[in-house]
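**Q** What follows is a protein structure lacking sequence information:
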C-alpha cells in the first residue's frame, strides 16, 4: 500500500493562503468610449483574505455573482490575479502553465460543480484515474503498482468493489458516483488542498449528504485542507469548520460555522439566514425581521457602490456606510468572529 | 376541506412506444383543492415535471398519456376531463383556466420582444374583443401586481434581472386569472433572498386572487414552509401525501423520512446526517414491488414482491393523509 507522505504533517498547519486577493475582469469597450480614457472593469473579487488549514474545511458562502467561484479559480491558478498574493506553505506563487503549474496542481486540486461535464464521456473511469496518477507521478513503476493505486483510489471514495467501476464509462454511472470519480481523480494527485466549487449542487438531494460526508471523511483521514464553495448556508453549517460570507466581491463576515450561522453579525448574513427555507417556520412568512431595503438584487460590479457595497440594501445603513469602506472588525462573541460592518466599530457603538 | 378544482385519476404517462416505453408516471391519483398550495416533491427523474406536463397536456413527444383522467372543476358548471378536450377547447382552457410557469422561466421570455408585447400577446389571443388600450392597462396592472414599476413595460428581457424576469413570468401566468397555476421549479435558478421575496409575493397574491398552486420542486424544506399539502413522488408514483406539517413532523414513508433527513438544518442541534444510500432508480429498469425497497432501511418481505397501494394509513390523522408503504397496509385505497 502506498501512503500519503504528508499525512503525518501537523493538523492546523497553514497550507494555502490568499492575502488581499483581487481580480478585475476588463469590460469590452463600447465604440463611443474609444476615445475616452475610461477603462471599465468588473470588480469580481476585491481584497480577499483567506486561509486554508490542514484538516479543516472552510466554506465560502454567497449568492451567484458574488465572486466565490472566481476565488476558487484564482486559488487553482486558472486565472492570473490582478492583485494580492497566493501563498502556498508561506511561499508566494504565481504560475502560468508549464511545469510550474503542474507542480502547483499536484498540491492544490479542484473539484468542479458538474460531474456530467467534468468527465470525458469517451473514456473509461480507469483512463481518467490513470491519467491523474501518471501525470503526478503516483502510478508506481509497474502495472501491478498502478492497479493497486487505482483500487486504493476507488476504495477511498467508497466506490466498491473497484473492479465494477474501473471499466465503466461516465454515462453508466449516476451523478453521485460520477462526482466520487471526480473526487478520486483529484486525490490521484495526492493534493494537500482541495478546492470544491459547489460539489453537490448538481446532485440529487438524497445523495448530496453522502458526498459531503465522504469529503469530511477525507479531510479527517488524509488531513486535507478543503475550501467548500456553496450558496447553501445550511450545508456550510453542517460540513465546514469555518464559514466566510461574501457579498459583491468582498468578504463581509467570517468565523467558525456555528457562530456565523447562529449569531450572524453582518446585516447581509442576517438577511441570507432569514431567507433560507426553514421548515420550522410553519406559521407563514414573516417579513418583520431581516428586511431587505433594496429589491433583493446585488449591485453592479462595474460601478460598485461606494463605501460598504451592501449599503443600498441595508436596513440599518448609516451615513458613514455610504462613504467609508468598512474594515473587518472583531465581534467579540467568539474568538475569530469578524464582520466588515461599521455597526461593530467601537466609536459607533459608544455614540 | 374546500372543493376540489383539479382531480387527477389514475394518470399514466409513458415515453416511447411498445416494449421500449418508459413509464414515467404510474397510476397517479391527486386532488388539488380550491385556494390551496399543493407541493409536489421528488428527486430528478421521479416524474414530477412529467406529471405537471401530463395534466396540462403539454407533453412533448415521445411522451404519451396512456390512461387516466384529469377532471377540472370550473367555478360554475360541470366538471370536465381535460384529456378529452378538442384542440379548440384546449386552446381556450390553457392559460385562462390553468397557467404554468416553467422550469428556468427566466429564459422562457422571447429576447427579441418587449415585455409589453409578450404580456399583451396573451390577451390578444384569448380576449380578441379587448381594445389595445385595455390590453395595455391590464398588462401594466399585472406588472404592478408582481412588484415591477409600470415603466418597465417597454424593456426587453435582457434589461431585467433574473428575479424581475421571473416576476414577469408569474404576472403573465396570472393575467387571465386562472384557477390553477402550476409552477415547475420556479425559483431554482434564483438566490435565496430573491426566492423568498418571490414566494412571499406569490402567497400574498394567492390570498388576494384565490387561485390554487401546484408547486413542483426538489427542495422539500422550502415546500414544508410554503405549501398546505405535500405529495412526494418516487419512481413515477406518489408515495406519500399529507398536510405539510404532518410530512415534516411525522412522515410515514421511509423515503419521505430520508428526504427530510437529507437537508442539513440551519437551526437546532448539529446532527450527523446520512442522506439516502444508493441512487435513484432508472425508469427503464424499475425494481420489482415497491421501487424504493433497494434503498429502504426498513424493507421486509412483501416489499420486493408487491407494489404497495396508496391508501389511508391507520393512524389517528389517517383520513387526512395517504401513504403507499407495506409498513402501513391499508384497507381503503385512494381514488
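**A** On my side now, so go ahead. The model shown is predicted, which means the values in this text are computed figures rather than measured ones.
**Q** Close to chain A: what parts of the stretch 51-200 of chain B are there?
**A** Taking Cβ under 8 Å from any Cβ of the partner chain as the measure of proximity, the stretch 51-200 of chain B contacts chain A at B:161, B:163, B:191-197, B:199-200. Where you see a C-beta, it was placed from the backbone N, CA and C, and this is true even at glycine.
**Q** if I pick residue A:307, what's in contact with it?
**A** Under the criterion of Cβ atoms under 8 Å, 6 or more residues apart in numbering or on different chains, the contact list for residue A:307 reads A:320-326.
**Q** Okay, buried residues for the helix or strand residue A:322 falls within please.
**A** Assigned by DSSP states H and E, residue A:322 belongs to helix A:319-323. For helix A:319-323, a neighbour-count test (16 or more other Cβ atoms under 10 Å in any protein chain shown) marks residue A:321 as buried.
**Q** one step back: got the contacts of residue A:307 as CSV, with distance to residue A:345 and pLDDT columns?
**A** CSV is the format used below for the contacts of residue A:307 (distance: Cβ to Cβ, whole Å; pLDDT from 0 to 100):
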residue, distance to residue A:345, pLDDT
A:320, 8, 90
A:321, 11, 91
A:322, 15, 91
A:323, 14, 91
A:324, 10, 91
A:325, 12, 92
A:326, 8, 92
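**Q** Can you lay out the residues you listed as TSV showing distance to chain B?
**A** TSV is the format used below for those (distance: Cβ to the nearest Cβ, whole Å):
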residue	distance to chain B
A:320	24
A:321	19
A:322	21
A:323	25
A:324	25
A:325	23
A:326	20
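**Q** tell me the helices in the stretch 51-200 of chain B, going along the chain?
**A** In chain order, the stretch 51-200 of chain B shows helices spanning B:87-93, B:115-126, B:132-145, B:162-174, B:192-209, with DSSP state H, counting those that start in this stretch as the criterion.
**Q** For chain B, give me the ranges with low pLDDT.
**A** Scanning chain B for pLDDT under 70 picks out B:1, B:105-106, B:331-335.
**Q** how about residue A:25, what does it touch?
**A** Applying Cβ under 8 Å, 6+ apart to residue A:25 gives the contacts A:41-42, A:44.
**Q** rewinding a little: make a ChimeraX selection of the buried ones in the residues of the stretch 51-200 of chain B next to chain A.
**A** A single ChimeraX command selects the buried members of these (16+ other Cβ under 10 Å):
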select /B:163,191,192,193,194,195,196,197,199,200
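**Q** Find the pair from the residues of the stretch 51-200 of chain B next to chain A with maximum spatial separation.
**A** B:161 and B:200 (17.7 Å; Cβ to Cβ).
**Q** From what I see, residue B:38 and residue B:216 are in contact.
**A** No. Using Cβ atoms under 8 Å as the test, residue B:38 is too far from residue B:216 to be in contact (9.5 Å).
**Q** just to revisit the earlier point, ok, so of the contacts of residue A:25, who is nearest residue A:194?
**A** Minimum separation from residue A:194 among these (Cβ to Cβ) is found for residue A:44, which lies at 22.2 Å.
**Q** Helix, strand, or coil at that closest one?
**A** Under DSSP: H, G, I helix; E, B strand; the rest coil, residue A:44 falls in the strand class.
**Q** mind listing the strands for the chain?
**A** By default, I'm working from chain A. Counting by DSSP state E, one finds strands in chain A at the ranges A:14-26, A:41-53, A:57-61, A:83-88, A:91-92, A:108-111, A:193-197, A:225-230, A:242-247, A:250-256, A:329-330, A:338-339.
**Q** other chain: chain B
**A** When assigned using DSSP E, the strands of chain B occupy the ranges B:4-15, B:22-33, B:37-41, B:63-72, B:80-81, B:98-101, B:180-184, B:212-217, B:229-234, B:237-243, B:322-323.
**Q** Including mean neighbour count and distance to residue A:334, could those strands go into TSV?
**A** Rendered in TSV, the data for the strands of chain B read as follows (neighbours: other Cβ atoms under 10 Å in any protein chain shown; distance: least, Cβ to Cβ, whole Å):
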stretch	mean neighbour count	distance to residue A:334
strand B:4-15	20	51
strand B:22-33	21	48
strand B:37-41	26	36
strand B:63-72	17	54
strand B:80-81	14	62
strand B:98-101	24	43
strand B:180-184	23	40
strand B:212-217	24	35
strand B:229-234	27	37
strand B:237-243	25	39
strand B:322-323	26	44
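**Q** Make CSV out of those strands and add distance to residue A:95.
**A** Putting the strands of chain B into CSV (distance: least, Cβ to Cβ, whole Å) gives the following:
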stretch, distance to residue A:95
strand B:4-15, 49
strand B:22-33, 49
strand B:37-41, 46
strand B:63-72, 51
strand B:80-81, 66
strand B:98-101, 47
strand B:180-184, 45
strand B:212-217, 43
strand B:229-234, 48
strand B:237-243, 52
strand B:322-323, 57
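**Q** List buried members of the contacts of residue A:25 by neighbour count.
**A** Restricting the contacts of residue A:25 to buried positions leaves A:42, A:44, with burial counted as 16+ other Cβ under 10 Å.
**Q** Contacting chain B as well, which ones from the contacts of residue A:25?
**A** Near chain B, taking Cβ under 8 Å from any Cβ as the test, no member of the contacts of residue A:25 is found.
**Q** closest to chain B among the contacts of residue A:25?
**A** The nearest member of the contacts of residue A:25 to chain B, counting by Cβ to the nearest Cβ, is residue A:42 at 15.9 Å.
**Q** most centrally placed residue in chain A?
**A** Chain A has residue A:229 as the residue nearest its centroid, 3.1 Å off, counting by Cα atoms, centre = their mean.
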